[in-house]
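> here is a sequence with its predicted model. Questions after.
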Amino acid sequence: MERKEFLGLLSKGLIGSSLLVSGCSKLLNVTNPNNVTPENFWKTASDAEANITSIYGVFLGQAGWSCANNWYNRRVVQLYRGDDIGITHDVPDWWSLALFTTADGSSTAQGLWSQDYQGIFFANQAIQNIPNINMDSSTKTRLVGEAKFFRAFFYFDLLTNFLNIPLIVTVPENSSQYSQPQAQPSDVWKQIEADLNDAIAALPATYNTADLGRITKGAALGYLGKSYLYQKMWQQASSTFEQIISSNTYSLLPNYPDVFGLNTPFNAESLLEIAYADTTFQGEPMQTPRNYEEAPSQAGGWYECYPNQFLFNEMTKEKTVDGNLDPRIYTTIIFPGSGLLYYGKTYEQLFGSGATQLSWAKYNQCELPHPLDHYSGKHTRLLRYSDVLLMHAEALNNQNQVQVAIPFVNQVRNRAKLANLPVSMTQSELMSEIEHQRIVELADEGNRFYDLLRWGTIQENLTAHGAIGAANFVKGKNEYLPIPSSEMQTNTKAKQNPGY
Amino acid sequence: MKKVLLALVFTGGIAAFSNAYAQHLVKGSVKEANGSPVIDATVGVKGTTTGTTTDANGNFSLSIQNPNATLIFSSVGYTEESVPVNGRSIINVILKQSVVTLNNLVVIGYGSQKKSDLSSAIASVNVKQLQTNAVLPNAAAALEGAIPGVSITTSNGSPGAGINVHIRGTSTFGDTQPLVIIDGAPGDLNNLNPSDIASIQVLKDAAAAAIYGSRAANGVIIVTTKKGKAGQVNIDANVSYGIQTPEKFISVANAEQYATIDNALHKSVGLPIFPALSNPSSLGAGTNWQKVIYGNAPIMSAYLGISGGSQNATYRVSGGYNDQEGIARATWYKKALFHFNGQQTHGPVTFGESVSWNNSNQRTLPGGGDKDFTQEVLEAQPIMPVYDSSNEGGYGGAPSWLATQSYNPLALLELQDNQAQINDINLDVFGEVHFLHGFTYRLNTGYRVIDGYSSNYLPTYYTSTQRQNIHASLSENRWREIHYLVENTLNYQRNFGKNSITALAGFTTEQDLTSNTSASAQGFPNNSLRVLGATTGYSTGVGGGRNQWDMVSLLGRLLYSYSDKYYLTANIRRDGSSEFGQANRYGVFPSVSAAWRISSEPFFESLKTTVQNIKLRASYGVLGNQPGRDYAYIPTVTYAASMGYPFGGGFQSGAAIRAFANPDIKWESTKDFDIGIDANFLTYLSLTLDYYIDKTDNVLLPVPIPPSTGTSTPPVINTGRLQNKGFEADIAFNPAQKEDGFNYSVSLHLATIKNTVDQLGFANEVIYGNLPQRASTNPVTAAKVGYPIGGFFVKQADGLFQSQEEVQAWKNGKGQLLQPAAQPGDVRYVDINGDGIIDGSDVVYAGSPFPKVAYGANFSANYKNFDFSLFVQGTYGNKMFDTNTWLVSWGTIDYNFSTDLLNAWTPQNTGTNIPRLEFNDPNHNADPSTRFLYSASYLRFKTVQIGYTFPKPLVSHAGITGLRIYVSTNNLWTITKYPGYDPSYTGDGLLNRGLDQGQYPVARTFTGGLSVSF
């Protein structure tokens, strides 16, 4: 090799490296090519839309997890502690919830806690940043209203399940703000009411097709009324429900199965629902796992929970005006002798002759001719007009307006082809009827446990109806879940709930 | 300063060419007294870094600048000889055999040093041992048990599984693997053919490793590969073939036992038993799933190395091929390795290039279930048939009346096609020039590109109503990692009288670019179309990302020695990394070490017949560490489909801040202090002792924050302090070798480690490890102040209640009844926190995953042409949580059970430690507790090998210079009380080291092989 050539090469290497030395502070500057930074976000209307959508993503049970796990956490928490279900045995965390032996390590309670707070975190980001975006002001108002509804919705869920919870309404600025003390439950209720009132003012009653699925004024009113009802603020509750009823936006569907149908999304009876889809998007599942978890093993499901004999008895207690079974039972329970086909088979073909087991029909896809697809795209209706009517009746009844309340209960009864109630009913008779209607009308929709809690009759009902965990229920403890260990271990200001 | 230094380097480089040197060529041979050649002996020019090694015939040839220089001849097991050249061009030397192996050159990073001159803790691996262990699965295995304080653990027993190397304790929560330098560039031990290795050095203390600065926080392993030698062409070849067999099975119920236990469980809560299980004895043994899945599997390897060269240019080319099937059916690993080393000298200039190419293909265990595959095997119901031709796919399944149907593990294993291919190409080129007197400038460049591809295909199949797949799925992932390295170093070596000085200055840059692309689809027309383009589009998804990491470093070193008595080494390195924000980007890592060879003092003369050498060493150094996470300091807004929602008008993606970033992260630093002693005495004993303390401050740690913040991704912060203390001893016993007699040697290594967390998190909060699979309870391992990282924190079981009276008597100090609902046969738990309630907060520190002592022993012997070697290793004092046996001991699910449950407590069977069967387990008997924590102390006969070397006269007429055959076994025998598959296993991640979860069971291997050289 020529000496000059080599010298050139060598000096290039050296000069190259001297450039590296002098410019090394720049050399080490990198940008993350995979993500947007906060400084470049919240600039446009589409940023605002995407930010709001992320809250809906949590609502769907997404945000990086398969929705199968996340939303089912909420189902488990809502359903498994009731007196109207039985459970099977393969997920220890779930049966310890039903057994009331849940400890703070419960992954289900922790999943629910984390998911609700993730929704609140995203909502806080939106509420804090979207007002500063230069965009169409009516859209902006609506978007912030959606975020406020969700913040209230997630706090409602936390409050009714954990009671003593940190109330966080801003995005933490530094690590010293990560640990927040638990708030007084009454302060959380106030925040929920304030956010829902803001949402009511900001949200439209209905949306066009493209925006179907977004939060409506009716949903916000419904949750506000429900919040008052849970606080026994009867007058505020009934006047809020009254606004929904008088808006004439909602009505009962004549045919009960249509309320939950795959092909009847956003129907006139639905105030709030989660829009699943029988598909995936970008590999992310959009389906609900209810069919997968709750269908009988003979149909390929996991039969995690099922209606118990108490619910079956309640549903068969009163015959229709035609002397038939309450039609709601066919939509709610798979039972022997129904005469229906489940997953394309008769009850006996599916379970064997002489079988007696019951299984959920509501929200499962047992009407389909084959058991193959375990996941379903059926929307979950979180708040229905019939629930509003029953809550309204309850609020009125508690104000001793029995006669005013009866027609609202009758609306629900009549749709089920049940006779009108006698006008001579006493307040407590009507209350019993409202309880009965709530059991049969809203079965498998996650209300029963909370109803029993607010009526203060949880323990006797668990015991009377043979709930698996009845013997373990401790008053003053098991009404609420333990603060998850993941919070206890990291939040220096957190205190565990009583009894745990 | 930087520019001044560079200017110096630059002008120095030019100066090199203005001073042309006359070269003096010296040739010769190095032999033993009996005339046999000494192969691979080092021939060095005293006071310089110039040198070469002898070829297979003991010949060498070397160009030197000064015809009056002194040559130093050394080799493992021989006494060093110094020979002045005095203008001669042929020098023949005879080396005497010696056990005092002080004078070997040790590679120390950007240079080399005589072992005798070391002032820091550096250990070398005996290369001979490497060569006889021809069946080593990879180079890392060569380190196993060979060096005290170096722990080599397999992450699992699967074919081609990687190996975890830990040097001393654990000083960081980040990546704990040491830096591996192969011929000057960062590399991977798993990509080396053991037969290509010339030497391995391990830099254990900070003083030794500090020249690699922040790259060296976990220690450094320096590998030098074999180079060609001038002279005739040498050919080495070896082949081996072996059989692996499962070492152990875990005892789970057969069909009859399964029915017996399941019936008892159902009856315990008044549930009807399954009619089909009503007559257990009619069910027989059923399917033994462990035997269906695990069986004998072959392993083979072949290797060919060719080397040679002329005086000014040498080469060595090698190729190897390994083909291993796993003991789990349908898993395999195939690897081809190619390696080239070349070196050319032209006057004062030397060039070297090293090229390696590693191609591996493997098929791995299926994943994606709710637990690991090995656990699916244990839980598989024995009443399930293996095959059923009426099912799609042909595999049997559990009956539909079972509400919890296990997977057919064979169906999973054979149907789910998980494959991975990696092409790893590494190219290193250096140029070196000697100039003036004692200066050497070296430019080293490295380029490495790794292309990876993995695919996962699951066809449609049916085994049972719950275990079926109705949409075939395929996902493919491709990734590329490119690594650049440019190193400029200037070395100066000079002796002044009794003073010897070596100085080094350098500037290096590194860059790492990674990218990946992935795509997946569900729904295919049939199970034979296995390309993404064929999807029916039931579901499709794409992913991808890019990462970049840059580092620039300045480094300097000074080695000083006086009269071979006093030694001083000082290192300094300044690293800048793109993993930190602008304000905290640079870290300075200094170190200093000193040694005193007492045996060189005049007053020691009288003792020299007993103690040939004794040297005291002390060192102190600071090392850094970075987060190991690119962009950790940059806050981000995540924009993702996974955060989206299907509105009426269609699906929309969502965007939000998902996690907090910490813009203030800075370098983590480890301060390490080491004292040591090296001694040789009685001519056959050598001893190295070390004691060290290292403390890591500003530990970079993803600290969990309250989930009420709305994020579960812990931000990385600088917090906490960790401490490691340890004692290491290395003792070798080498009696004088006799020709044709019985010779043997023994070496022992032992190391103690004490790891303690001194400070942690924001406020000393506890940081927990992974949950055991499907656990609904608290984790079992944690980092907690005052305890070792990953220590066990579990409920303390105190036997079983034998009677209702014992339940009523179980009170705490305040008289509170602790387990009022318990029944006889339930586990008695200790109320650790004294609050009167037994719950997840009643956990007690129950042991460490770190052994108190880790040890290894080698015994090797030869008699005439036979050689024998035995290597045992073990640990003492460490514990492990065995998730496998724990999962099958629950007795709360209709999956298969441990046979232990047959011995459950009943009023008639009270002499047992297995609690009563209760399907609902209201007493939490199945919770992780001290019941499931086991001692993982073990002693393993790791390798036993017998070889026979054919006498030379017998084979030499065929041109063969060496021919050896051997038989060998690995993992022949393990003495342990640990009930799981392998007590030597270490879990993934620091906090989970002692969590034995879903590992691929370890194999016992019997191998025969042959190695030949021409």
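Arrived safely.

> drop to CA atoms for contacts and neighbour counts, all remaining ones
Noted.

> tell me the secondary structure of whatever residue of the stretch 251-400 of chain B ends up closest to chain A, please.
Residue nearest to chain A within the stretch 251-400 of chain B (C-alpha to the nearest C-alpha): B:Ser400, separated by 5.0 Å. Recorded secondary structure, B:Ser400: coil (DSSP: H, G, I helix; E, B strand; the rest coil).

> quick one, helices of chain B?
B:2-18, B:127-132, B:206-209, B:255-268, B:289-293, B:373-379, B:409-415, B:804-809, B:883-887, B:952-956 (DSSP state H).

> contacts for the fourth one, please.
Think helix B:255-268. If you take C-alpha atoms under 8 Å, 6 or more residues apart in numbering or on different chains as the criterion, helix B:255-268 is touched by B:272-274, B:277-287, B:381-383, B:891-892, B:894, B:896-897, B:899, B:901-902, B:917-919.

> within reach of chain A, which of those residues are there?
Restricting the contacts of helix B:255-268 to those touching chain A (C-alpha under 8 Å from any C-alpha of the partner chain) yields B:892, B:894.

> what parts of the stretch 451-600 of chain B come near chain A?
B:464-467, B:470, B:488, B:507, B:520-521, B:538-542, B:545-552, B:576-578, B:582.

> any of the residues you listed buried? List them.
Burial by neighbour count, judged by 16 or more other C-alpha atoms under 10 Å in any protein chain shown, picks out B:464-467, B:488, B:507, B:520-521, B:538-541, B:547-552, B:576-578, B:582 from those.

> specify the residue ranges that define each domain of chain B.
With domains defined by automatic domain parsing, chain B comprises B:1-98, B:629-657.

> so B:Val107 bridges to which residues?
B:Ser112 (DSSP bridges).

> for it, give me its contacts.
By C-alpha under 8 Å, 6+ apart, the contact set of B:Val107 is B:113, B:201, B:222.

> now the strands for the stretch 451-600 of chain B?
For the stretch 451-600 of chain B, applying DSSP state E, counting those that start in this stretch gives strands covering B:461-462, B:468-469, B:473-496, B:499-522, B:539-562, B:566-577, B:586-597.

> list just the one of the ones you listed that sits closest to B:Phe950.
Of all the strands of the stretch 451-600 of chain B, the one in closest proximity to B:Phe950, counting by C-alpha to C-alpha, is strand B:586-597 (43.1 Å).

> helices and strands around that closest one, which ones?
Packing contacts for strand B:586-597, counted by 3 or more C-alpha pairs under 8 Å, 6 or more residues apart in numbering or on different chains; DSSP states H and E, involve helix B:206-209, strand B:566-577, strand B:611-625.

> drop anything exposed from the contacts of helix B:255-268.
Taking 16+ other C-alpha under 10 Å as the criterion, what is buried in these is B:277, B:280, B:283, B:285-287, B:381-383, B:891-892, B:894, B:896-897, B:899, B:901-902, B:917-919.

> break down the stretch 351-500 of chain A into its strands, ranges please.
Under DSSP E, counting those that start in this stretch, the stretch 351-500 of chain A gives strands at A:359-360, A:380-384.

> close to chain A, is stretch B:921-928?
Yes - using C-alpha under 8 Å from any C-alpha, stretch B:921-928 reaches chain A at B:Pro922.

> and that stretch, how far out from the chain middle?
Stretch B:921-928 sits 36 Å away from the centroid of its parent chain (C-alpha atoms, centre = their mean, to the nearest Å).

> endpoint to endpoint, that stretch covers what distance?
Stretch B:921-928 has its terminal residues 13 Å apart, counting by C-alpha to C-alpha, to the nearest Å.

> which one of the strands of the stretch 451-600 of chain B lies nearest to A:Val388?
Nearest to A:Val388, of those and by C-alpha to C-alpha, is strand B:539-562 at 37.8 Å.

> how big is the angle separating the closest one from strand B:566-577?
150 degrees (axes from the mean of the first three to the mean of the last three C-alpha atoms, to 10 degrees).

> strands paired with strand B:539-562, and their directions?
Assessed with DSSP bridges, strand B:539-562 is paired to strand B:499-522 (antiparallel), strand B:566-577 (antiparallel).

> what average pLDDT does the shortest one get?
In this model, strand B:566-577 has a mean pLDDT of 91.

> rewinding a little: mind telling me which of the helices of chain B the model trusts least?
Confidence, taken as mean pLDDT, is least for helix B:2-18 of the helices of chain B (a mean of 39).

> mind checking pLDDT for B:Pro788?
So B:Pro788 comes in at 93 (pLDDT).

> so B:Arg574 versus B:Pro186, what's the distance?
With the distance defined as C-alpha to C-alpha, B:Arg574 ends up 18 Å from B:Pro186.

> what residues are bridge-paired with the residue nearest to the spatial centre of chain B?
Nearest to the geometric centre of chain B sits B:Asn164, at 1.8 Å (C-alpha atoms, centre = their mean). Beta-bridge pairing for B:Asn164 (DSSP bridges): B:Thr153.

> just checking, it touches B:Leu143?
No - with contact defined as C-alpha atoms under 8 Å, B:Asn164 does not reach B:Leu143; the gap is 11.0 Å.

> okay, and the common contacts of the two?
B:Ile152.

> now for the closest residue to B:Ser124 other than its chain neighbours, how many residues are close by?
Using C-alpha to C-alpha, 6 or more residues apart in numbering or on different chains and skipping residues adjacent in sequence, the residue nearest B:Ser124 is B:Gln201, 4.4 Å away. B:Gln201 sits with 23 neighbouring residues when counted by other C-alpha atoms under 10 Å in any protein chain shown.

> so who does B:Gln201 touch?
B:106-108, B:122-125, B:221-223.

> name the member of those with the most neighbours.
Busiest of the contacts of B:Gln201 [other C-alpha under 10 Å] is B:Ile221, holding 30 neighbours.

> that one: what's it in contact with?
B:Ile221 makes contacts with B:178-181, B:200-203, as judged by C-alpha under 8 Å, 6+ apart.

> who is it paired with across the strands?
B:Val180, B:Val202.

> output the longest helix belonging to chain A.
Ranked by number of residues, the top helix in chain A under DSSP H is helix A:137-162.

> and the strands in the stretch 201-350 of chain A, which stretches?
Ranges of strands in the stretch 201-350 of chain A, per DSSP E, counting those that start in this stretch, are A:270-274, A:280-281, A:284-285, A:305-307, A:333-334, A:341-342, A:345-346.

> just the stretch 1-150 of chain A next, same as before
Here the stretch 1-150 of chain A has its strands, by DSSP E, counting those that start in this stretch, at A:85-87.

> which residues of it score low on pLDDT?
Applying pLDDT under 70 to the stretch 1-150 of chain A flags residues A:1-27, A:62-71.

> all helices for it, in order.
A:3-22, A:24-27, A:45-60, A:67-79, A:92-98, A:107-129, A:137-162 (DSSP state H, counting those that start in this stretch).

> need those in TSV (columns: distance to chain B).
Converted to TSV, the helices of the stretch 1-150 of chain A look like this (distance: least, C-alpha to the nearest C-alpha, whole Å):
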stretch	distance to chain B
helix A:3-22	6
helix A:24-27	7
helix A:45-60	4
helix A:67-79	10
helix A:92-98	5
helix A:107-129	4
helix A:137-162	11
